[in-house]
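Student: A structural model of the following input is requested.
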Amino acid sequence: MSQRTPTWLRSSIQASPWGSDKELVKLREGLVLKWYKDTLGKVTGGYGHLQKPTETNLEVTQELADKWLDSDLTAARKAAKSQFSQLPIQTQELYDVLVSVNFQLGPKWYLEHKKTWEHMLAGRYFEAAEEAENSTWYRQTPVRVLDLQKALRKAHELYTYYPKD
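Tutor: Purely as a prediction, here's the structure:
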């Protein structure tokens, strides 16, 4: 970002409406202190943590939920960082949403949502936002898709304000 970028724009690019990727994931996942089946029938506990074979006899506690969240976020952040680095338009909000997408759908989500990802890579964020709605993901968890759509559209709109060097 050049020095000519207005202060209001710099703060928009650096700010996230949730405060952090962790806060977004906590908000969207919710906390359940027991094992339950998610919408796909997978055994889950805490903040959307998928049960591993070694965890079948564990009681879901706040301490374990926090530990799992940090561990699961590390993997989601690693995948999001790699994906984010390929995008032509970047904002903190979009990064946080990508962490949330990877947390929910896994690090290879873009293989299932190929058209959305292709639009994102090409900088066609409005098209990517529309394409994301044409998915089972949208039918199962529309608020998550809306998070992505808003972040994509906002990043594109902010991009139009960048000084072109």
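
Student: C-alpha only now, for contacts and for neighbours.
Tutor: Fine.

Student: Which secondary structure state does G45 sit in?
Tutor: Of the three states, G45 takes strand according to DSSP: H, G, I helix; E, B strand; the rest coil.

Student: List the residues that contact it.
Tutor: L31, V32, L33, K34, W35, Y36, Q51, V60, A65 (CA atoms under 8 Å, 6 or more residues apart in numbering).

Student: and these, which two are the farthest apart?
Tutor: Greatest spatial distance in the contacts of G45: L31 and Q51, 14.5 Å, computed using CA to CA.

Student: ok, and what's touching the longest strand seen in the chain?
Tutor: Secondary structure of the chain per DSSP state E: the longest strand is strand 32-37. Outside strand 32-37, the residues within contact range by CA under 8 Å, 6+ apart are K42, V43, T44, G45, G46, Y47, E59, V60, T61, Q62, A65.

Student: One more pass at 10 Å, please.
Tutor: The contact list for strand 32-37 (CA atoms under 10 Å, 6 or more residues apart in numbering) reads 42-51, 56, 58-62, 64-65.

Student: Quick one: buried ones out of these?
Tutor: Among those, the ones that count as buried by 16 or more other CA atoms under 10 Å are V43, T44, G45, G46, Y47, G48, H49, L50, Q51, V60, L64, A65.

Student: which stretches of the chain have low pLDDT?
Tutor: Under the criterion pLDDT under 70, the flagged ranges of the chain are 1-14, 162-165.

Student: run the last query once more with 80
Tutor: Along the chain, the parts satisfying pLDDT under 80 run over 1-16, 159-165.
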